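> Generate coordinates for the sequence data below:
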Amino acid sequence: MDLSHEANQVHCVTSFQDLVSTPFEGQINAICWTRKLTGDFSEIVKKVAQSGNITTIEEDELRELQLSEQGQLAREILLSDLKILKAHGALPSLNVITYYDRDESYPLFPTDVYSFHVDRSPVPTDTFLCTYYGETSEILPNSQGIKKVLIPEIRDELKKLYHGADEGFESFLSEHFFDLHYQANPNACPIPLGPGHLWRLAVDHPESQVPPCIHRAPKEKSVQPRLLLIC
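Residues are numbered from 1 along each chain as shown. As a prediction, this is how the structure comes out:
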């Protein structure tokens, strides 16, 4: 995990308690519980009966998998992570992801998760995620990106899609999630989140004291699905 660029935005901790109790403040909007996990997570991906491009693994199904010793070690870590997140009040989902659906509604401005974006919530919350196997997500330092709706040529094209009164344009951008997406600067250095680390990312909500964390999903390799926990 390379934190040489904009490392002041990321704070690393060594326990789950520190992950959830350390406040976001100043420039810090991403906290990482750094871990080096043991076990064979690829075995779990191979053993799960996949359906469609995203398969959710339920705990009962995970427990019933016939696994090798290394696969069992991986399973115990997954069950432990699910348990501590649920105890914290989160609703974690464990998924095998072959690919996400692409947004083809607006070719000029796709709003799918492969685009750099922030998460928004009407109530205080955080985003947790961990990639156990496969390509990992990336975060973009806030200083290295710009909201796409502020780029003049993109804004002009969006106005062509909008057919209402001028005062409703900002609401149009919000309703279609255009205002959540960012364009990386030409020399930007996104930070890969790395396998096994559990991350807590700041969300755009009314009580947030820091800028929301900009992130995106990676383009998956066709022969290597991802095993991702997110909530």
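
> C-alpha only now, for contacts and for neighbours.
Will do.

> Can you classify the closest residue in space to F24 that isn't next to it in sequence as helix, strand or coil?
Counting by Cα to Cα, 6 or more residues apart in numbering, F24 lies nearest to V210, which is 6.6 Å off, once chain neighbours are set aside. Following DSSP: H, G, I helix; E, B strand; the rest coil, we place V210 in the coil state.

> which residues touch the longest helix along the chain?
Longest helix in the chain, counting residues (DSSP state H): helix 69-87. For helix 69-87, contacts defined as Cα atoms under 8 Å, 6 or more residues apart in numbering pick out T38, G39, D40, F41, E43, I44, E59, L62, R63, L91, P92.

> Put the buried members of those into a ChimeraX selection.
Selection of buried members from those for ChimeraX, criterion 16 or more other Cα atoms under 10 Å:
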select :39,40,41,43,44,62,92
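
> Pick the one among the contacts of helix 69-87 closest to G134.
Distance to G134 across these (Cα to Cα) is lowest for F41, with 9.5 Å.

> A202 is in contact with the residue nearest to F24, correct?
Yes: if you go by Cα atoms under 8 Å, V210 and A202 touch, sitting 7.4 Å apart.

> out of the two, which sits in the busier spot?
Neighbour count, other Cα atoms under 10 Å: between V210 and A202, A202 has more, with 26 against 17.

> If the more buried one is in a bridge, with which residues?
For A202, the beta-bridge partners are D126 (DSSP bridges).

> For P195, see how far away it is.
20 Å (Cα to Cα, to the nearest Å).

> for D40, same thing?
As judged by Cα to Cα, D40 and P195 stand 12 Å apart.
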